[in-house]
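Trainee: structure for this input, please:
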Amino acid sequence: MNIRERLDISAYLVIGQENCTRPVEEVVAAAVDEGFTCVQIRSKVANAREMIATLEKSARTIRELGKSDSVALLVDDRLDVVLAAREAGIKVDGVHVGQSDIPVNVCRKFLGADSIVGLSANTEEIIAATDVSQIDYFGVGALHATSTKADAEKVLSFDEIAALVKVSPRPIVVGGGVKLNDIPELAATGVQGFFVVSAVAGADNPRLAARELVTAWKKFS
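Mentor: Numbers count the residues shown, from 1 in each chain. Okay, here's the model as predicted:
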């Protein structure tokens, strides 16, 4: 079974150096060790070589924790970075794209059948219009207004999220300002997971923050 077949988006960390007060790989290590199941490297300021270097360190960290076969390492938007990293021998499992990024069928063509492709969506119309044969999950948000995702189109209520879950043929992970106290209501919508940036990457104690989030999700989901 490849990692696409065992994809777990229940606890999903989105991270870039601009979101951290310490090296990315340190936060990745803490989060994965505490039970995070998916890591996405996202940066709007890093160049391609910097992102590849971050991927190499993050992939090594996940490998050293013995979780390369269970924790997916993805890249936001940059299909070119995924391909270049793989050419360098780095285990990168896929890509996450938005509605204005490279089309999912192009990502699937270049990455292959065993790779993970995620797509951002926040309306029933977008979900209905998506060729879901090309993707593995939908990323939905924002739950709250957040400075780490300034281009989020709108804030969604828990009821709106629950409605998306009912119509979606693919798993949904929700983020955008998610905090620990959101987890009970978010889990009640039926989504398959939550994603966070600053709640872990910007925490004074990323390990403790990750542990509390994972523990809450397991309790309420």
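Trainee: in a strand, Phe194, correct?
Mentor: Yes. Counting by DSSP: H, G, I helix; E, B strand; the rest coil, Phe194 falls inside a strand.
Trainee: distance of Ala31 from Leu65?
Mentor: Counting by Cβ to Cβ, to the nearest Å, the gap from Ala31 to Leu65 is 10 Å. The way it works is simple: take the backbone N, C-alpha and C, and place the C-beta from them, glycine included.
Trainee: looking at those two, which is more packed in?
Mentor: Ala31 (29 against 14; other Cβ atoms under 10 Å).
Trainee: does the more buried one touch Ala210 like I think?
Mentor: Yes. Counting by Cβ atoms under 8 Å, Ala210 is a contact partner of Ala31 at 4.3 Å.
Trainee: which residues are common contacts for the two?
Mentor: Taking Cβ atoms under 8 Å, 6 or more residues apart in numbering as the criterion, Ala31 and Ala210 both touch 11, 13, 200.
Trainee: quick one: which of those is nearest Ser133?
Mentor: Proximity of these to Ser133 (Cβ to Cβ) peaks at Ala11, which lies at 26.3 Å.
Trainee: give the helix, strand or coil label for the closest residue to that closest one other than its chain neighbours.
Mentor: Distances taken as Cβ to Cβ, 6 or more residues apart in numbering place Phe36 nearest to Ala11, at 4.4 Å, with adjacent residues excluded. With three-state DSSP as the basis, Phe36 sits in coil.
Trainee: quick one: Phe36 from Ser198, how far?
Mentor: With distances taken as Cβ to Cβ, Phe36 is found 15 Å from Ser198.
Trainee: flag every buried residue along the longest helix anywhere in the chain.
Mentor: Looking across the chain with DSSP state H, the single longest helix is helix 48-64. Neighbour counts using 16 or more other Cβ atoms under 10 Å place 51-62 of helix 48-64 among the buried residues.
Trainee: could you do stretch 77-90 as well?
Mentor: 77-79, 81-82, 84-86, 90.
Trainee: can you dump the C-alpha atoms of it in CSV for me?
Mentor: In CSV, the C-alpha atoms belonging to stretch 77-90 read as follows (Å, rounded to 0.1, in the frame of the first residue of the first chain):
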residue,chain,number,x,y,z
ASP,A,77,1.2,25.2,-5.2
ARG,A,78,4.7,24.6,-6.5
LEU,A,79,4.6,21.6,-8.8
ASP,A,80,8.1,22.6,-10.1
VAL,A,81,9.5,22.3,-6.6
VAL,A,82,8.0,18.9,-6.1
LEU,A,83,9.5,17.6,-9.3
ALA,A,84,12.9,19.2,-8.6
ALA,A,85,13.0,17.8,-5.1
ARG,A,86,12.1,14.3,-6.3
GLU,A,87,14.9,14.6,-8.9
ALA,A,88,17.2,15.3,-6.0
GLY,A,89,16.1,12.1,-4.3
ILE,A,90,13.8,13.7,-1.7
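Trainee: what's in contact with it?
Mentor: Applying Cβ under 8 Å, 6+ apart, the contact partners of stretch 77-90 are 42, 48, 51-52, 55-56, 59, 75, 92, 94-98, 101-102, 106-107, 110-111.
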